[in-house]
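# Okay, predicted coordinates and the sequence, questions at the end:
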Amino acid sequence: MNNGAQPGFDRLVVEIFRLNGRLVGAGDELVADLGLSSARWQVLGALALSGVPLPVAHIARNMGLSRQAVQRLVNEMQGQGLLRLEPNPHHRRAHLVVLTEAGRAAYARAMQRQMPWARSLTKGISAARISEALALLTELRQRLEAKAQHEGDQHAHDRDGPDGRNS
């Protein structure tokens, strides 16, 4: 049955969901003895790769997670000494999340473990195939983000009315 989508798209989506579950499970196993989970590792990575402190809402948006879920993780990781909060000069209530030395060290140890795991997992897969898969997944994510942005803009327009004032 063709629902208007490209043939195989439904199966691709299901396979991505399955892969995500397997990646989260493998990541949890890889870093469990470091006091991390895949979710905590993601937060550390979001901060490490940004190069600058970020508010929780930005981390959540970058990771595709809810702000509440990331806030819970940040609170836990702050208690572990992996993160700290600093005042945000641009927003009184949205503190900036900063990696501590312990957080940087935990992220570095996780990445050291990830390298051989990734080499083993991708053995025999060409860089071109990985690049092509990355391009496809990136394009699909960007289309979803653009659609969500458009729908958010449309919702605001509907709420505010055609003249821009609240109806």
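Received it, and whenever you're ready, just let me know what you need.

# so what pLDDT did L44 get?
Among the per-residue scores, L44 shows a pLDDT of 96.

# what's in contact with the helix or strand where it lies?
Here L44, judged by DSSP states H and E, is contained in helix 38-50. By CB atoms under 8 Å, 6 or more residues apart in numbering, the residues outside helix 38-50 that reach it are 23-25, 27-28, 31, 36, 53-54, 59, 62-63, 65, 69-70, 73-74, 76-77, 82-83, 97-99, 103-104, 106-107, 110. Any C-beta I mention is one placed from the backbone N, CA and C, and that applies to glycine too.

# Make a PyMOL selection of whichever of those turn out to be buried.
If you want just the buried ones from the contacts of helix 38-50 in PyMOL, going by 16 or more other CB atoms under 10 Å, the selection is:
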select buried, resi 27+31+36+53+54+59+62+63+65+70+73+74+77+82+83+97+99+103+106+107+110
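
# domains of this structure?
If you go by automatic domain parsing, the domain ranges for the chain are 9-123, 126-167.
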